[in-house]
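Novice: What follows is a predicted structure for the sequence shown.
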Amino acid sequence: MSDETSDENEFREIIQRLVSEVAELRAILVDSQTEYLSPQAAARCTGLSTKHIGRAIKVGELACSNVGYGKRPLPRIAISELRSWMESKLVVNCAIEKERKSLVEKHFGSARSKESKGGCRPNAQSS
């Protein structure tokens, strides 16, 4: 009987986690259907913290509209701005690329490593 109760509790925990995740996904879906997002919604959509989004707004990296009044700012971020900001942060991990080049040179010689010119930039053209 103890095993049965344990299984029931485990099943309930799984169901509760699934319900919570579905609620989060619904919130993201609703957020993605609007043209402007709050910093909280932008954080949910990007997987970043609300503080991170707020700092990006404060330093001017992420543009937003202030629809608040007086001393109570109410920032709203256009989805297009959020997308552009995220894409501007897109980088290829240079450390991994350097390590890969080092291993290629070590095991295959320098002639092989010349094939992968272009550094850390995406879509780099080799000459």
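Specialist: Okay, I see it.
Novice: All the helices of this protein, residue numbers only.
Specialist: Here the chain has its helices, by DSSP state H, at 2-32, 39-46, 50-58, 79-88, 94-108, 110-113.
Novice: Spit out the contact partners of the residue nearest the centre of the chain.
Specialist: What sits nearest the mean C-alpha location of the chain, by CA atoms, centre = their mean, is T46, with 4.2 Å. Residues counted as contacts of T46 (CB atoms under 8 Å, 6 or more residues apart in numbering) are 53, 82, 86. Any C-beta I mention is one placed from the backbone N, CA and C, and that applies to glycine too.
Novice: on that earlier part again, looking at the helices of the chain, which one is packed in the most?
Specialist: Greatest average neighbour count among those goes to helix 39-46 (a mean of 20), per mean count of other CB atoms under 10 Å.
Novice: Just put the contacts of T46 in TSV and tack on distance to R26 and pLDDT.
Specialist: Shown next, in TSV, are these (distance: CB to CB, whole Å; pLDDT from 0 to 100):
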residue	distance to R26	pLDDT
I53	20	97
L82	19	93
M86	22	91
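Novice: For P75, state which of those residues is nearest.
Specialist: I53 (8.9 Å; CB to CB).
Novice: doesn't A43 make contact with that closest one?
Specialist: Yes: assessed by CB atoms under 8 Å, I53 is found in contact with A43 at 5.0 Å.
Novice: Distance from stretch 46-65 to the middle of the chain?
Specialist: The chain centroid and the centroid of stretch 46-65 are separated by 12 Å under CA atoms, centre = their mean, to the nearest Å.
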